[in-house]
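Asks: Give the three-dimensional model of this entry:
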Amino acid sequence: MSTNETPLRQKSIALIGFMGVGKTSIGKEVAKMLYRDFIDADKEIEAAFHMPASEIFQTYGEKVFRHKEKEILQKLCKQKLKIISLGGGAFLQEEIRNVCLEECIVFYLDLSWESWQERISLLIDSRPVLQGKSLKEIKALFEERKSIYQDHHSAVATDQLMIEDAAAYIVKSLKTAWDIYEPQNN
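Replies: Okay, here's the model as predicted:
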């Protein structure tokens, strides 16, 4: 347990992984199963700027986007009982990584390059970080970020899982951990 003594059962759940792995879809399902609020960090950033992420990148640049992302996530992670989907690049920032690992339970949604590549046509237009990059450059980015995502509390290999199955796995893992580390007195 972290120094702030938030009970394990009340900690927010942070979902990390490369863009397009299903953090939002799986996160919404986990939130339903656990009766918690779901928060998409990228949507919070877009709301702060009143424009989509792609426009934020074009208008203000990635540095401004990342600064706002850090500001928002440092607040969100300290809240209790939330399911938070982080943008694919958020965990690259050490401050975000640290606050997530300290204040939340971090699940890494792991998807293979082969499975992710099947989704690229659905993602390419809406992800500013992918704009103008070759497949080779995107794969290099995928591999580079994979090493950053290794700091987590638990990983879920999602290649063969439907959204509901991945969410059920996360919920079952959480409930097992809660029972082990903070058993309820019946």
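Asks: Which parts of this structure are helices?
Replies: 23-34, 41-49, 53-60, 62-76, 94-103, 113-117, 120-123, 135-148, 163-181 (DSSP state H).
Asks: Please identify the most buried of those helices.
Replies: Neighbour counts (mean count of other C-beta atoms under 10 Å) averaged over each of those peak at helix 23-34, with a mean of 21. To be clear about C-beta, it is placed using only N, CA and C from the backbone, and glycine gets the same treatment.
Asks: elements contacting that one?
Replies: strand 12-16, strand 37-40, strand 82-85, helix 163-181 (3 or more C-beta pairs under 8 Å, 6 or more residues apart in numbering; DSSP states H and E).
Asks: packing partners for the third one?
Replies: By that I understand strand 82-85. Short answer (3+ C-beta pairs under 8 Å, 6+ apart): strand 82-85 packs on strand 12-16, helix 23-34, strand 37-40, helix 41-49, helix 62-76.
Asks: go again using 6 Å as the cut-off
Replies: If contacts are counted by 3 or more C-beta pairs under 6 Å, 6 or more residues apart in numbering; DSSP states H and E, strand 82-85 sits against strand 12-16, helix 23-34, strand 37-40.
Asks: Name every strand pairing with that strand and say which way it goes.
Replies: Here strand 82-85 has these sheet partners by DSSP bridges: strand 12-16 (parallel), strand 37-40 (parallel).
Asks: Could you say which of those is packed most deeply?
Replies: strand 12-16 (a mean of 27).
Asks: could you give the angle of it to helix 135-148?
Replies: 150 degrees (axes from the mean of the first three to the mean of the last three C-alpha atoms, to 10 degrees).
Asks: Show me what the mean pLDDT comes to for strand 12-16.
Replies: Across strand 12-16, pLDDT averages out at 98.
Asks: Tell me the gap between it and the middle of its chain.
Replies: 6 Å (C-alpha atoms, centre = their mean, to the nearest Å).
Asks: tell me the angle of it relative to helix 41-49?
Replies: 100 degrees.
Asks: residues making contact with strand 12-16?
Replies: Residues outside strand 12-16 that contact it (C-beta atoms under 6 Å, 6 or more residues apart in numbering) are 23, 27, 79, 82-86, 91, 100, 104-109, 149.
Asks: can we see that at 8 Å?
Replies: By C-beta atoms under 8 Å, 6 or more residues apart in numbering, the residues outside strand 12-16 that reach it are 23, 26-27, 30, 34, 36, 76-77, 79-86, 90-91, 100, 103-109, 149, 152, 170, 174.
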